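> no FASTA, just this:
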């Protein structure tokens, strides 16, 4: 491979793990071998040198010992013979025998050109004062002088010049042999490293191949787990991963089929909003073909949500958005209301995003909402107002405005009055529920003390409770606890819960109200000793018009909207509502409101 | 050393043979040595060379006869078992005087045609002449050496000194005698004199300066002998004159050819052979005169 540095093309070699490992181990082996070889050669060189020097010293010593008599008798012929033989010895470059004055007697030759010449002054001084060997080094040679004394008298001595050149040859030979052995061991080491690396990297290569296959969408076969070490664990982990992928990954065809059949519109865009993919639902809703849509910008398909200049502008910091209501611009200028969710996909950290836009046609829902609003308006105007008039009229009849009613007439008027009041509550609940659903219920938040609100709700319910022969009891309080709520809505909820408890209580029962504080949450618990809520109805308690299948429930419940409205109001106030129940024991409704400092 | 032409040996040449037949005659060289093996190795190639070049006179093979004394070589000549003898002048003249032989040529060795000996002493020991050697001891070389022993001894005896052999250089010598010891080596002789192991010494004059080296100034020469031929070639008189002539001619021309020169070099560094410039009688007259003084040293 190559890379460009400062405008130049620089060839580089990228070693794989195997190559690096082999290179590393080889470098260590070679470095170790070089150091070991150098140390070995050095030690053996020292040994060779000492051996060679010792041989030279020993030879000189032996010749000197043998020459003692000849020196004493001035038998030069004998000395010549000895020195001649000495010169024939291996590594001996020169040899002489000298007298007590340091003059050469013989150099072992008949010609003897150095006859009478003086040996060196240093050697002569040494000979006159010592019987020990004198060793002088000179380049690749050493000169060994052995004095010969007899009875304290200097007779002379023997002087050998001994070549150490063979040492260099021996050392070179030794170095070559050692280096050869070193190279062989290094090669064996490298081979072993390569085999070891192969053993280590083969499973890794298998993982690499399997991973590449996986990246191509292929599910690779199970990797063999040969060892129980980290590499084996890697293979095992890979197999586990592919197994899970096999279990969880859907195929592209499968995904395409899902996209084709899903009812919602799905649009994939690039980072700049360019549409790169759409599903058939988009084409169907927009009336525009896929080919025409691809390459367009999503702003041409979706109107900017209210308050934003474009769809992408409406996205959060993480590139996503949920529940955005806008319009899909269909062919012919028709605008289809849609609810959009957007998810961002990062291809890599900080790199280009793709956006997945899912749009649901909410035209039908909006039409339903509109119909509901129209129905509520109709109820408000066509039912509530006449009902008020009816109740007024019935009230007048009950008050004897139209004359005294008989006993039967009085009963009928009371029935009509109860039912009209009941219808009035139903209409009010329906209107309140609709306001909650549409978000049009108004709240006037104030910072208030909680307990007075509870007491006020109890007071409002006492008459109703008394009517049902049920007693209300506030057993625990949280004095001074402050909340930020709409007081009317809060009392409405508490009153509804209390009246609900009264309704499900038997005569002479006591509805207990407890106020408590926990983790800055104020809780008002209203407990009755009623029949409890059946298991199959519990999940429907807070649904609108939920009154249960039990006859007793149907009989005792009101419009079926109270609990639903109460829960909606509490949640709007920032709290939560729940209940605890046990059949045959009773039910406790829990109203939680955050405490305000 | 003697050369003999003995009886023919081997079958007669075949009339049908295509190659020239090898002559049956044998040329025998006699030699005196106490180291016969070494002597044989030196002489045998020379004898072979001569035989190989004497086919024309019927010599087909060379032979070497080594004996331990001059008397034995004389006997060999008398019996006709030796044909040729080559040695230094005193032994040669001794054989000449006791056997029927004739000196025909002289031999140069190591580039020298004659021998001279030098009798020397330390310059600082008060010995001024050979006469001052009386009561002192002198070192000679080897007992058979002409220059190291026979010539100087004969010269000293002829000068009126009475020489007596001693084993110990430190022996006490009577005033009327000159003691002598054998150093067996010219270098020994030189160092013995220099280190005063002996009072005087005698060596070949050719080697004196080399042996003395830079210490020559410490020495004094007491006597230098007259020159005598270095080596002498004797031939048996009963040998076929044609063979003798052929031998003489061959020896005189050997140094002129490469093969002959190489053979001479191998034969104790012989330079060449030549006739006696003044004739054998005249050139060997001094040796004959001195011979009686060393007769007893040449052998029983």
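Cool, got the structure. A quick note: this is a predicted structure, and the numbers were derived from the prediction, not measured.
> just for the chain, where's the confidence low?
Using chain A. A:1-17, A:217, A:247-253, A:347-352, A:545-559 (pLDDT under 70).
> should've been chain B
Where chain B drops to pLDDT under 70, the residues are B:1-19, B:299-300.
> how about a cut-off of 80?
Residue ranges of chain B with pLDDT under 80: B:1-22, B:299-300.
> Need phi/psi at the residue most central in space within it.
For chain B, residue B:88 is the residue whose C-alpha lies nearest the centre (C-alpha atoms, centre = their mean; 1.8 Å). Dihedral angles of residue B:88 (phi, psi; degrees, to the nearest 10) stand at phi -70, psi 170.
> Tell me who's in contact with it.
Residue B:88 makes contact with B:115, B:146, B:150, B:230-232 under the criterion C-beta atoms under 8 Å, 6 or more residues apart in numbering or on different chains. The way it works is simple: take the backbone N, C-alpha and C, and place the C-beta from them, glycine included.
> Which of the residues you listed has the largest number of neighbours?
Most neighbours among those, by other C-beta atoms under 10 Å in any protein chain shown: residue B:150, with 29 neighbours.
> And the residue of the stretch 201-300 of chain B that's closest to chain A?
Residue nearest to chain A within the stretch 201-300 of chain B (C-beta to the nearest C-beta): residue B:213, separated by 4.3 Å.
> And for chain B?
For chain B, the residue closest to chain A is residue B:185, as judged by C-beta to the nearest C-beta, at 3.7 Å.
> Skipping adjacent residues, who's closest to that residue in space?
Nearest residue to residue B:185, sequence neighbours excluded (C-beta to C-beta, 6 or more residues apart in numbering or on different chains): residue A:77, at 3.7 Å.
> contacts for the host helix or strand of that neighbour?
Using DSSP states H and E, residue A:77 sits in helix A:76-87. By C-beta under 8 Å, 6+ apart, the residues outside helix A:76-87 that reach it are A:59, A:63, A:66-67, A:69-71, A:92, A:94-97, A:105-110, A:112, A:158, A:160, B:183-185, B:187-188, B:191.
> next one: stretch A:159-178
Here stretch A:159-178 makes contact (C-beta under 8 Å, 6+ apart) with A:37, A:40-41, A:44-45, A:48-49, A:52-53, A:55-56, A:59-60, A:63, A:86, A:90-98, A:119, A:123, A:137, A:140-146.
> same deal with stretch B:260-274?
With C-beta under 8 Å, 6+ apart as the test, stretch B:260-274 has contacts from B:42-43, B:45-46, B:49, B:105-113, B:231, B:233, B:251-255.
> and those residues, which of them are in helices?
Counting by DSSP state H, the part of those found in helices is B:42-43, B:45-46, B:49, B:251-253.
> Mark which of the residues you listed are buried, thanks.
Those of those that meet the buried threshold are B:42-43, B:46, B:49, B:251, by 16 or more other C-beta atoms under 10 Å in any protein chain shown.
> ChimeraX command to pick out the buried ones of the contacts of helix A:76-87?
Buried members of the contacts of helix A:76-87, defined by 16+ other C-beta under 10 Å, are picked up in ChimeraX with:
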select /A:59,63,67,70,71,92,94,95,96,97,105,106,107,108,112,158,160 /B:183,184,185,187,188,191
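> Please flag which of the contacts of helix A:76-87 sit within strands.
In this view, the contacts of helix A:76-87 that belong to strands under DSSP state E are A:92, A:94-97, A:105-106, A:158, A:160.
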